[in-house]
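Trainee: when you get a sec, could you give me coordinates for this:
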Amino acid sequence: MSTQRNFAASPEPLPAAEALPAIRGRFSLGIVCALAAGAWLGAAEAPARLVASGFSPFAISFCMVWGVFLARWTLPIAMKGTRSVVRDLRQRPHLMLWAVLAGALWSVANTLTIYAIRDVGLSIAFPLWNTNTLVGIFWGWALFHELRGASARSWAKVGGGAVAIVIGSVLLSMLSVHTMSATPGKALAGVAAAFGAGLLWGTMYVPYRKAYLSGVNPLSFVTIFTFGEIGTMLFLALVLPGSLHGLMRQLHAMRPSIFWVLLGGFCWVIGDLFQQYATKYVGISRAIPLSNTNQLWGFAWGVLVFGELAGTHGTIRLMALGASALTIFGAMLIAGATVSEGEAASSVRAIRRECDRYGLDMAVTLRTQEGFDEDSAVPRRHAWSDFAILAAAVAVFVWFARFVRIPRVPMNVPWSLLLAAILLAVLVSAGWLLWKKTRFA
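Mentor: Residues are numbered from 1 along each chain as shown. Sure, this is the predicted structure:
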């Protein structure tokens, strides 16, 4: 008897009508995951501040992608094991191509963010690329029936939140030109890079949502995601004029700082894993806005730790804070649009469409939306290869830690320690809740 049949038989599959309360019941869990994602995604961009030391943005992004690659393999394997990941992907092989595509979009977007941080600063760039909220809402509505059947109140919250995000982003883009010492052309290039990253990151959620409507475990999906990331960065290094030669030179020069960038990529994956679960349980239109509270964390790291906006007038600081608060308010307003029965029914129709298209078991797929894992009845045993992969990842970090130096970037150590302590508290509390309710299903 196959794994799917065992899983479908215990507990007994839910009919579509009975699955509606289950889909709505995971709403609060998805909200918690999205908030945790915001905290870790915001902190992960802090190492990108190394561009102030004169390193190439492409080299910074390249190292960060390798940190992401290491984390995307080690964390899922430590939690599930390679056998479980392979079994999950074999049942849904069509998602491998979508995962690679998502990884490619992420790599290009991440590279654009490095340029944006260099040209307009961390606290300004964050709100601009968080316009991926609007892109994600559109794709969620157009492709996956999100907000179909929603109440007028929910639509008003989503519409009002979208308007607030647009206004806040426009204010920040105008503000950046006046706060930067660079030429207006360079500042505008940074704004364009940040908006481009937002467009790509918003589109990246299309493969995310498609995967979780098909019932794949987020921990399985992200392992294939890495090949798109690494492949894209290697391709860019080969085709861009002078990139490969310049990359080798830059990597040698920044060897004492590579550890910090790898660590940033590792932190980003922790945030992204929470974001993946949020996308599974509350959809694109709510997961993206709420995880975009990373803007608040990015602003905190940029201003409190790295002293951004320190040389500006009080009025400029108030404007930056007000524009950021407006964008955050818009995101929270969208997230507050709870799932109605009509919208949950629309989600079930989207799941059925994916099942019909790829020949998936509808009952099994509906159970995964409730948070049950197909492998829950199978004892999780780690193979020797799992420990080998974990050891190799640790060895890479230890190797670069031998050369590590504190970056020559002004930092406020007390604030950085406080923010790091908050991150650990968020990780433990949200991770424990996710494990308790779903066993990381």
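Trainee: how close does residue 277 sit to residue 70?
Mentor: 21 Å (CB to CB, to the nearest Å). Just so you know, the C-beta spots here come from the backbone N, C-alpha and C atoms, and that holds for glycine as well.
Trainee: just checking, residue 75 touches residue 270?
Mentor: Yes. Contact criterion CB atoms under 8 Å: residue 75 and residue 270 qualify, at 7.4 Å.
Trainee: more neighbours: which of these two?
Mentor: With neighbours defined as other CB atoms under 10 Å, residue 75 and residue 270 compare such that residue 270 has more, 23 against 20.
Trainee: pull the contacting residues for that one.
Mentor: Listed by CB atoms under 8 Å, 6 or more residues apart in numbering, the contact partners of residue 270 are 40, 44, 71, 75, 427.
Trainee: where does pLDDT dip in the stretch 251-400 of the chain?
Mentor: 311-312, 314, 370-381 (pLDDT under 70).
Trainee: do you have the helices of it handy? List them.
Mentor: Along the stretch 251-400 of the chain, the segments classed as helices by DSSP state H, counting those that start in this stretch run 255-282, 284-291, 294-300, 314-335, 341-358, 362-369, 384-401.
Trainee: quick check: nearest residue in space to residue 46, chain neighbours excluded?
Mentor: residue 301 (4.6 Å; CB to CB, 6 or more residues apart in numbering).
Trainee: hang on, the earlier thing: may I ask which of the contacts of residue 270 has the most neighbours?
Mentor: Most neighbours among these, by other CB under 10 Å: residue 44, with 28 neighbours.
Trainee: surely that one meets residue 262?
Mentor: No. Judged on CB under 8 Å, residue 44 makes no contact with residue 262 at a distance of 11.3 Å.
Trainee: so the closest residue to residue 322 other than its chain neighbours, which of the three states?
Mentor: Leaving out its chain neighbours, the residue that sits closest to residue 322 by CB to CB, 6+ apart is residue 171, at 7.8 Å. Taking DSSP: H, G, I helix; E, B strand; the rest coil as the rule, one finds residue 171 in the helix state.
Trainee: test my guess that residue 171 contacts residue 316.
Mentor: No. If you go by CB under 8 Å, residue 171 and residue 316 don't touch, sitting 11.4 Å apart.
Trainee: thinking again about what came up before, the helices of the stretch 251-400 of the chain: which one's closest to residue 148?
Mentor: Nearest of these to residue 148, taken as CB to CB: helix 341-358 at 4.0 Å.
Trainee: show me what the closest one is packed up against.
Mentor: helix 16-25, helix 184-213, helix 362-369 (3 or more CB pairs under 8 Å, 6 or more residues apart in numbering; DSSP states H and E).
Trainee: in the stretch 51-200 of the chain, which spans are helices?
Mentor: Listed in chain order, the helices of the stretch 51-200 of the chain (DSSP H, counting those that start in this stretch) span 57-79, 82-91, 95-120, 122-129, 132-144, 152-179, 184-213.
Trainee: out of the ones you listed, which comes closest to residue 439?
Mentor: Of all the helices of the stretch 51-200 of the chain, helix 57-79 comes closest under CB to CB, at 9.4 Å.
Trainee: could you dump the closest one to PDB, C-alpha only?
Mentor: C-alpha atoms of helix 57-79 as PDB (Å, rounded to 0.1, in the frame of the first residue of the first chain):
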ATOM      1  CA  PRO A  57      27.200  44.200  -4.400                       C
ATOM      2  CA  PHE A  58      27.300  41.200  -6.700                       C
ATOM      3  CA  ALA A  59      30.000  39.500  -4.600                       C
ATOM      4  CA  ILE A  60      27.900  40.200  -1.400                       C
ATOM      5  CA  SER A  61      24.800  38.600  -3.100                       C
ATOM      6  CA  PHE A  62      26.900  35.700  -4.400                       C
ATOM      7  CA  CYS A  63      28.100  34.800  -0.800                       C
ATOM      8  CA  MET A  64      24.600  35.300   0.600                       C
ATOM      9  CA  VAL A  65      23.200  32.900  -1.900                       C
ATOM     10  CA  TRP A  66      25.700  30.300  -0.800                       C
ATOM     11  CA  GLY A  67      24.700  30.800   2.800                       C
ATOM     12  CA  VAL A  68      21.100  30.300   1.700                       C
ATOM     13  CA  PHE A  69      22.100  27.200  -0.200                       C
ATOM     14  CA  LEU A  70      23.700  25.700   2.900                       C
ATOM     15  CA  ALA A  71      20.800  26.600   5.100                       C
ATOM     16  CA  ARG A  72      18.100  25.300   2.700                       C
ATOM     17  CA  TRP A  73      19.700  21.900   2.800                       C
ATOM     18  CA  THR A  74      20.700  21.600   6.400                       C
ATOM     19  CA  LEU A  75      17.600  22.800   8.100                       C
ATOM     20  CA  PRO A  76      15.100  20.600   6.300                       C
ATOM     21  CA  ILE A  77      17.300  17.600   6.500                       C
ATOM     22  CA  ALA A  78      17.800  18.100  10.300                       C
ATOM     23  CA  MET A  79      14.000  18.400  10.700                       C
END
